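Novice: take a look and give me a structure for this.
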Amino acid sequence: MSEERAGSWMRDHLANERTLLAWVRTALALMAFGVAVAKLATFLQIAALDHPDLAVRLPAPLWSKMLGVALVLGGFVTVVLGSLRTRHWSREVRGAPPPSATLWVMSVATMIMAVGVSAYILLG
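Specialist: Numbers count the residues shown, from 1 in each chain. Have a look, this model is predicted:
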């Protein structure tokens, strides 16, 4: 294998791994935003104790929970799509090693975390 080709597939392989990490970061940001939205209703209800006129205008806490869960599940879907895309491109790059097991473990852990956070929001 020529030196140029060896460097080329390695660049492609590393770019593929960086892309998966970007998908995971995006998923974690969506999940964090989902938790913040879900818990916002609680803070607003506490604030409404001091201002009863505000309580009438607040939406039901269920709306915040549902939107929060939707965002967390959006993070789950983002990790799944990123993992599938990484897998696809790792097969396209001939001669490159598959993405490391650490990346797959991280992706699966993020998916499990998304399910756990969704349960936390719904049950909390």
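Novice: switch to C-alpha atoms for all contacts and neighbour counts from now on
Specialist: Noted.
Novice: what about residue 51, how many neighbours?
Specialist: If you count neighbours by other C-alpha atoms under 10 Å, residue 51 ends up with 11.
Novice: and the gap between it and residue 42?
Specialist: Residue 51 sits 14 Å away from residue 42, going by C-alpha to C-alpha, to the nearest Å.
Novice: try residue 18
Specialist: Per C-alpha to C-alpha, residue 18 is found 37 Å from residue 42.
Novice: what does residue 22 give?
Specialist: Distance of residue 22 to residue 42, given as C-alpha to C-alpha: 31 Å.
Novice: kindly list the single helix or strand of the protein that scores lowest on mean pLDDT.
Specialist: The weakest-scoring helix or strand in the chain, judged by mean pLDDT, DSSP states H and E, is helix 52-57 (a mean of 78).
Novice: list the contacts for residue 50?
Specialist: By C-alpha atoms under 8 Å, 6 or more residues apart in numbering, the contact set of residue 50 is empty.
Novice: need the pLDDT of it.
Specialist: Looking at residue 50, its pLDDT stands at 83.
Novice: quick one: residues contacting the residue positioned nearest the centre of the chain.
Specialist: Closest residue to the average C-alpha location of the chain: residue 27 at 1.7 Å, with C-alpha atoms, centre = their mean. By C-alpha under 8 Å, 6+ apart, the contact list for residue 27 reads 74, 75, 76, 78, 79.
Novice: can you pull out the helices in this protein?
Specialist: Ranges of helices within the chain are 3-50, 52-57, 61-92, 101-123, based on DSSP state H.
Novice: count the neighbours of residue 57 for me.
Specialist: Neighbours of residue 57 using other C-alpha under 10 Å come to 9.
Novice: gap between it and residue 45?
Specialist: In terms of C-alpha to C-alpha, residue 57 sits 11 Å off from residue 45.
Novice: cool, residue 53 as well?
Specialist: Counting by C-alpha to C-alpha - residue 53 and residue 45 are separated by 12 Å.
Novice: higher neighbour count, these two?
Specialist: Set residue 53 next to residue 45 and count neighbours by other C-alpha under 10 Å: residue 45 wins out with 18 against 10.
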